[in-house]
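Sequence and predicted structure are below.
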Amino acid sequence: MNSSIAAGKFVVSVHDVAPASIGQTCRWLRSLDARGIPATLLIIAGPWRGPALNESPELITELHAAAARGHELSLHGWSHAAVTGGSRRRQAVGRVVARGAAEFCALDEEQAALRLRRGLTQLRAAGIEPTGFTPPGWLAAPGTVRAARRLGLRYITSHWAVRDLATGRSLAIPALSHRPGARSERLGSRLLGAVVRHCARNGRPFRIALHPDDLARQGLRGTTLSAIDTALAAGLRPVTYADLLGALPGHDPGRRP
């Protein structure tokens, strides 16, 4: 996997976009819009901490307005909750890494396809046609990758890379995020800032993931925005996942798998 073709770029994603987090999503968007940053909004299509997407005309309106401003709308699963099944190892990884949100960590292809199809149907009913998919916790079993390709999604992300499902090529680009409430929260916050400063100095690509729960911690919000400002001041260019995908050799935006 080669990250050189994405040199000088970074991606900001807003996770857990749902009716229950509309206030936090809009707050993050105000900060990003003020900086001219196009973000990728990761939408939970089904019920999460409250109603599903189709029960919130207000959120649907906000999402279409965000897309009109240059933000990308993407799928983030159906329920954002872990599903039983799979190996004990995969279940353990899901608990540790995603803390109960690893919806696609241990699913086989048909199970994953069912949930992805439900999510896509919900988004399309709202007039949203997503290009790609980020599984909760960036955890996806091999069957999920196959299901996403089969259903026509163009990319899937992991913690370390973005994969073009049409060509099979991957772009190495690490994702950085906070873990609010964890014992390592303060250390992780300092580490995020240090990594972004290093990447900015060297023109290396990276991703920053924004979560609604980050906003409950004023220090985390400040650290994140400071890191983004550092990247902008260094001349790095913010792009969406869809834009980044266009940098992969052999990518054809009009091609279907």
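Received, thanks. Numbering: from 1, shown residues only.

All the helices of this protein, in order from the start?
Taking DSSP state H to define them, one finds helices in the chain at 22-34, 57-68, 88-98, 109-125, 142-150, 185-202, 218-233, 241-245.

Select, out of those, the one closest to Leu41.
Comparison of the helices of the chain against Leu41 by CB to CB identifies helix 57-68 as nearest, at 6.2 Å. C-betas here are computed from N, CA, C, even on glycine.

got the buried residues for the closest one?
Residues Leu59, Ile60, Glu62, Leu63, Ala66 are the ones in helix 57-68 that count as buried (16 or more other CB atoms under 10 Å).

Can you list the buried residues in stretch 173-193?
Buried residues in stretch 173-193 (16+ other CB under 10 Å): Ile173, Ala175, Leu176, Ser177, His178, Arg179, Pro180, Gly188, Ser189, Leu192, Gly193.

distance between the ends of it?
This stretch, stretch 173-193, spans 16 Å end to end (CA to CA, to the nearest Å).

Not counting its own residues, what contacts stretch 30-38?
12, 14, 39, 69-72, 225, 228-229, 232, 238-240, 243 (CB atoms under 8 Å, 6 or more residues apart in numbering).

for these, which one is nearest Ala101?
Among the contacts of stretch 30-38, and counting by CB to CB, the member closest to Ala101 is Val14, at 15.5 Å.

That closest one: neighbour count?
25 (other CB atoms under 10 Å).

ok, it touching Arg27?
No: with contact taken as CB atoms under 8 Å, Val14 and Arg27 are classed as non-touching, separated by 10.0 Å.

just how off-centre is stretch 110-118 within its chain?
For stretch 110-118, the gap between its own C-alpha mean and the chain's C-alpha mean amounts to 18 Å (CA atoms, centre = their mean, to the nearest Å).

now swap in stretch 138-152 and tell me
So, by CA atoms, centre = their mean, the centroid of stretch 138-152 is 15 Å from its chain's centroid.

Repeat that for stretch 43-56.
For stretch 43-56, the separation from the chain centroid amounts to 17 Å (computed by CA atoms, centre = their mean).

For that stretch, buried residues please.
For stretch 43-56, burial by neighbour count (16+ other CB under 10 Å) applies to Ile43, Ile44, Ala45, Gly46, Pro47, Trp48, Ala52, Leu53, Asn54, Ser56.

so how far is His198 from Ala148?
For Ala148, the distance to His198 under the criterion CB to CB, to the nearest Å works out to 32 Å.

okay, those two: which has more neighbours?
Neighbours per residue (other CB under 10 Å) separate Ala148 from His198, with Ala148 holding more: 27 against 11.

ok, the more buried one to Leu53 distance?
Look at Ala148 and Leu53: by CB to CB, they are 19 Å apart.

And for Ile128?
Computed as CB to CB, the Ile128 to Leu53 distance reads 9 Å.

ok so, going back, which residue in the buried residues of stretch 173-193 has the weakest pLDDT?
Comparing pLDDT over those, the lowest score belongs to Pro180 (66).

re the thing from before, now the helices of the chain as JSON lines including distance to Thr134?
Supplementary listing: the helices of the chain in JSON lines, determined by distance: least, CB to CB, whole Å:
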{"stretch": "helix 22-34", "distance to Thr134": "15"}
{"stretch": "helix 57-68", "distance to Thr134": "16"}
{"stretch": "helix 88-98", "distance to Thr134": "12"}
{"stretch": "helix 109-125", "distance to Thr134": "12"}
{"stretch": "helix 142-150", "distance to Thr134": "10"}
{"stretch": "helix 185-202", "distance to Thr134": "18"}
{"stretch": "helix 218-233", "distance to Thr134": "18"}
{"stretch": "helix 241-245", "distance to Thr134": "8"}
